[in-house]
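> I would like to see how this sequence folds:
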Amino acid sequence: MSEIQRVPGELQVRCPECFKSYNIAVDELSEQHPRFKCSTCNSQFWMDRRQAIENPVHLIGYPMSLFPGHNEKSTSATDIKASHIINLDIFNCPKCSALYSAGDVECKKCGVIFFKFSEIEAKKNNPGAEELVTADPEVQKLWEDVLANYESKEIHQNFINAAWINGDLEYAAAKYKIILEVAPGDAFALKFHKEIEVLTSINFEMVAAQEEAKPRKFLDYISFFNGIEVSFRKFKWINLIFIACGFLIVMGAFLPHMRNLIGLGTSILFFTLVLRYYFRII
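Numbering: from 1, shown residues only. Alright, predicted model coming up:
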């Protein structure tokens, strides 16, 4: 029991796969052979609680293949999910520095509620911060509902949906960021802050697509007239004379009172052919 006194309420253990070090509160180890899941490599391992307390120096977890009573059937995916595995995302309470796991809302030692404490601390450290990011009154009211019912996913979702519809995702992101600054392991803040990032990315892509569509129409308009100009350049102007002459001759042939157009068209056509092919002037 003297060895227990040398352990300041926590043990330091390393993952046997990637050797990442974790600090684990002794009072949270309710089982004799607690199992853990590494947050870095996702491998699972275990340790002997009594041996760890008696010899807390240089602890390295055991792989699941060495777990007492281990066999191939007991390590199936179904059995692993059903077993009690401790998530090793461990953080310090912002008020008393006690250890807590990701997903905990309240400190087991001092009783502080992390998200409320983060709001109070943010206002103390930067009183004018909220004025920098404003939001629709409806969205602000929904955030108050979130604080009053923080563990309700539905209320969180209502707040984010309203922020998206009203264009206040920046406000929503700032609120969850405040919580994460004080309680980085808050599962709700992590989840919904990530969702806000995705929605912001979608908004950005939608705006970019709309902006890209506008100049495209203008460019198509310019390209259309440029095409006409190029075609006109390729179309030799002397061909227009031939077409005009043909038009005059046809009109004179079909309109009895304008027979003189036949002579006019023929004359122009004759002189054009002479200048073009005999004198090679045009």
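> Point out where this protein drops to low pLDDT.
The chain contains residues with pLDDT under 70 at 1-9, 56-58, 69-91, 94-95, 97, 99-106, 111-132, 207-236, 282.
> can you pull out the strands in it?
With DSSP state E applied, the chain shows strands at 10-14, 21-25, 35-37, 44-46, 59-60, 62-63, 85-87, 90-92, 99-101, listed in chain order.
> can you list those in a markdown table and add mean neighbour count and distance to Ala135?
Backbone N, C-alpha and C define where each C-beta goes, glycine included. Listed next are the strands of the chain as a markdown table, based on neighbours: other Cβ atoms under 10 Å; distance: least, Cβ to Cβ, whole Å:
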| stretch | mean neighbour count | distance to Ala135 |
| --- | --- | --- |
| strand 10-14 | 18 | 41 |
| strand 21-25 | 16 | 38 |
| strand 35-37 | 18 | 37 |
| strand 44-46 | 23 | 42 |
| strand 59-60 | 14 | 48 |
| strand 62-63 | 14 | 49 |
| strand 85-87 | 16 | 33 |
| strand 90-92 | 17 | 28 |
| strand 99-101 | 20 | 30 |
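> Quickly list the domain ranges of the chain.
2-88, 114-193, 237-278 (automatic domain parsing).
> from the ones you listed, which stretch is densest packed?
Each of the domains of the chain was scored by mean neighbour count; the highest is domain 114-193, a mean of 17, by mean count of other Cβ atoms under 10 Å.
> quick one on the thing from earlier: make JSON lines out of the strands of the chain and add distance to Leu169.
Shown next, in JSON lines, are the strands of the chain (distance: least, Cβ to Cβ, whole Å):
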{"stretch": "strand 10-14", "distance to Leu169": "39"}
{"stretch": "strand 21-25", "distance to Leu169": "34"}
{"stretch": "strand 35-37", "distance to Leu169": "32"}
{"stretch": "strand 44-46", "distance to Leu169": "37"}
{"stretch": "strand 59-60", "distance to Leu169": "44"}
{"stretch": "strand 62-63", "distance to Leu169": "43"}
{"stretch": "strand 85-87", "distance to Leu169": "29"}
{"stretch": "strand 90-92", "distance to Leu169": "26"}
{"stretch": "strand 99-101", "distance to Leu169": "29"}
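> Would you quantify the distance from Gln44 to Ile60?
14 Å (Cβ to Cβ, to the nearest Å).
> One more: Val139?
From Val139 across to Ile60, the span is 49 Å (Cβ to Cβ).
> Also Gly263?
According to Cβ to Cβ, Gly263 stands 112 Å off from Ile60.
> same deal with Glu195?
Per Cβ to Cβ, Glu195 is found 37 Å from Ile60.
> just Ala183 next, same as before
From Ala183 to Ile60 the distance is 29 Å (Cβ to Cβ).
> ok, now Ala187?
Taking Cβ to Cβ, one finds Ala187 at 28 Å from Ile60.
> re earlier: let's have the domains of the chain in a markdown table, adding distance to Met206.
Below are the domains of the chain laid out as a markdown table (distance: least, Cβ to Cβ, whole Å):
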| stretch | distance to Met206 |
| --- | --- |
| domain 2-88 | 34 |
| domain 114-193 | 12 |
| domain 237-278 | 49 |
